[in-house]
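> Fold the following and give me the result.
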Amino acid sequence: MMRQYITSCLLALALVAGPASAQQLGVKFGGLQQDTSLPVEVTSDSLSVDQTDGTALFTGNVLAKQGEMRLQAKEIRVEYGASGQGIQRLHATGGVTLVSPTDAAEAQEAVYTIATGLVVMSGNVLLTQGAAAISGESLTVNLKDGTGTVSGNVKTVFSPGSKQP
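Numbers count the residues shown, from 1 in each chain. So this is what the prediction gives:
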């Protein structure tokens with residue numbers, strides 16, 4: 001019994017570590033699955049709009065909400081579509097946190113492309129899912145299907161008896 005447990009742990013670590021040049025870990029993000037057609041609400045301390053390039057810059061205590069998902073950062077630049085209607089992309093910088101009811105991720109920067117439902121987080125990424133924690137250089141989450149990938153210098157900590165990501 002103990003031998004099976006140790007073998008399972010070693011196998012899990014081998015799968016997580018992988019070759020040093022291509023460290024990558026696929027993860028399920030059921031808690032970060034999101035209906036990307038829902039409205040996006042952004043609040044902040046200040047807002048500046050640039051009509052020439054179709055952007056809006058929210059600064060200070062910025063919070064973007066879509067359904068149950070929350071994206072917080074020091075600054076979020078919103079890029080609108082060519083017609084000026086509809087958000088194409090959110091670019092968050094400075095202490096970025098992405099939170100759902102069950103998962104949370106932190107990074108230095110995040111880009112959320114609304115049409116594809118992809119959130120790409122980069123710079124000292126830390127993802128927590130219950131008792132499990134995963135860190136790496138980047139995290140790509142597909143909000144439409146709840147899947148994701150952590151890449152670059154991936155490190156994970158599993159608690160014995162906890163549900164694995």
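
> Low-confidence ranges, this structure, go.
The model of the chain has pLDDT under 70 over residues 1-34, 84, 158-159, 161-165.

> Quick one: the strands in it, in order.
Using DSSP state E, the strands of the chain run over 24-28, 41-43, 46-50, 55-66, 69-80, 87-99, 103-113, 118-129, 132-142, 147-151, 155-157.

> what lines up beside the third one in the sheet?
If I follow you right, that is strand 46-50. Applying DSSP bridges to the sheet, strand 46-50 is found paired with strand 55-66 (antiparallel).

> rewinding a little: wait, which of the strands of the chain is closest to residue 35?
Residue 35 lies closest, by CB to CB, to one member of these: strand 55-66, at 8.1 Å. For glycine as for every other residue, the C-beta is placed from the backbone atoms N, C-alpha and C.

> buried sites along that closest one?
55, 56, 57, 58, 59, 62, 64, 66 (16 or more other CB atoms under 10 Å).

> Check the offset of stretch 148-159 from the chain's centre.
Chain-centre distance of stretch 148-159: 13 Å, with CA atoms, centre = their mean, to the nearest Å.

> make that stretch 79-92, sorry
On CA atoms, centre = their mean, the centre of stretch 79-92 falls 19 Å from the chain's centre.

> List the buried residues in it.
79, 80, 87, 89, 90, 91, 92.

> ok now do the last one, which residues does it touch?
Applying CB atoms under 8 Å, 6 or more residues apart in numbering, we find residue 92 in contact with 62, 64, 71, 72, 73, 75, 76, 109, 110, 111, 112.

> Can you tell me the number of residues neighbouring residue 46?
When neighbours are counted by other CB atoms under 10 Å, residue 46 registers 10.

> now the one 4 residues further on
Residue 50 sits with 10 neighbouring residues when counted by other CB under 10 Å.

> Bridging across strands, which residues link to it?
residue 55.

> Buried residues of stretch 133-147, list them for me.
Neighbour-count burial for stretch 133-147, counted by 16+ other CB under 10 Å, picks out 134, 135, 136, 137, 138, 139, 140, 141, 142, 143, 146, 147.

> Spatially, which two of the residues you listed are the most separated?
Within those, 137 and 146 form the most distant pair, 21.8 Å apart (CB to CB).

> Which of the contacts of residue 92 lies at the shortest distance from residue 124?
Using CB to CB, residue 109 is the member of the contacts of residue 92 that lies nearest residue 124, at 9.8 Å.
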